[in-house]
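A.B. asks: Sequence first, then the predicted structure, then my questions.
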Amino acid sequence: MQEMMVVVVVSGMALLSGCGPASTSHDPVKRGEYLVTLASCSDCHTPGHLLGKPDMSKFLGGSDVGFVVPELGYFWGPNLTPDKETGLGNWSEEEILLALREGTRPDGRKLAPMMPWMAYAKLSDEDAKAIVAYLKSLAPISNKAPGPIGASETPTAAYQQVVFPKPVESAAPPTDAAPAAPAAN
């Protein structure tokens, strides 16, 4: 499933490179807004979005619904606004770029695997910096997303879990032989 997400995001980001309204190509903040919108960052980083009712007053302010990754734990999309207490307000441009392109936080931890940084690693320098410029331009929102929580711990907020079906057992051959067809004359 993660591979499919990466393919979709990489395909979308490849289409975005050099695209978009001409006005967005000269203004990094506008270009960043365009890219963040098309990359659907709000899906995982806006409260209520994963429940079908996004709270746009907390746009990119951190999700209230997370994901469970077996054997890794529970993860919620964090606050991407420049709030110094609960968001990216204390992160430098270089630290945000490192997270965006290499999946590494300033403290050295890797981002949860559902963050498609492998796709974002393909962004041009100009586009990656435009995303950072846009995130830094947002109004700070004080909203601490839950987690992360280890695999052996009990989650404290809503999360989604993908449950794979059990393998289908092959059907046993019929026990009664079918009657032979009458011979043709």
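C.D. replies: In hand now; what should we look at? The structure displayed is predicted, hence computed values, not measured ones.

A.B. asks: ok, residue 133 touching residue 34?
C.D. replies: No. Using C-beta atoms under 8 Å, residue 133 is not in contact with residue 34; the gap is 11.7 Å. All C-beta atoms are positioned from the backbone trio N, CA, C, and that covers glycine.

A.B. asks: More neighbours: which of those two?
C.D. replies: Neighbour tally, residue 133 and residue 34, criterion other C-beta atoms under 10 Å: the higher count belongs to residue 34, 22 against 18.

A.B. asks: Give the other helices and strands that the host helix or strand of the more buried one contacts.
C.D. replies: Under the criterion of DSSP states H and E, residue 34 resides in helix 28-38. Using 3 or more C-beta pairs under 8 Å, 6 or more residues apart in numbering; DSSP states H and E as the contact test, the elements touching helix 28-38 are helix 2-16, helix 22-26, helix 125-137.

A.B. asks: which residues touch the residue nearest in space to the middle of the chain?
C.D. replies: The chain has residue 115 as the residue nearest its centroid, 4.2 Å off, counting by C-alpha atoms, centre = their mean. Contacts of residue 115 were listed using C-beta atoms under 8 Å, 6 or more residues apart in numbering, and they are 44, 103.

A.B. asks: if I look at residue 39, how far off is residue 68?
C.D. replies: Distance, residue 39 to residue 68, using C-beta to C-beta, to the nearest Å: 23 Å.

A.B. asks: hang on, I meant residue 33
C.D. replies: Separation of residue 33 from residue 68 (C-beta to C-beta) stands at 31 Å.

A.B. asks: Next, the buried residues of the helix holding residue 34.
C.D. replies: 28-36 (16 or more other C-beta atoms under 10 Å).

A.B. asks: Confidence-wise, which of the helices and strands packed on helix 28-38 is weakest overall?
C.D. replies: The minimum mean pLDDT among those belongs to helix 2-16 (a mean of 47).

A.B. asks: mind listing the strands for this protein?
C.D. replies: Applying DSSP state E to the chain gives strands spanning 66-69, 73-76, 149-150, 159-160.
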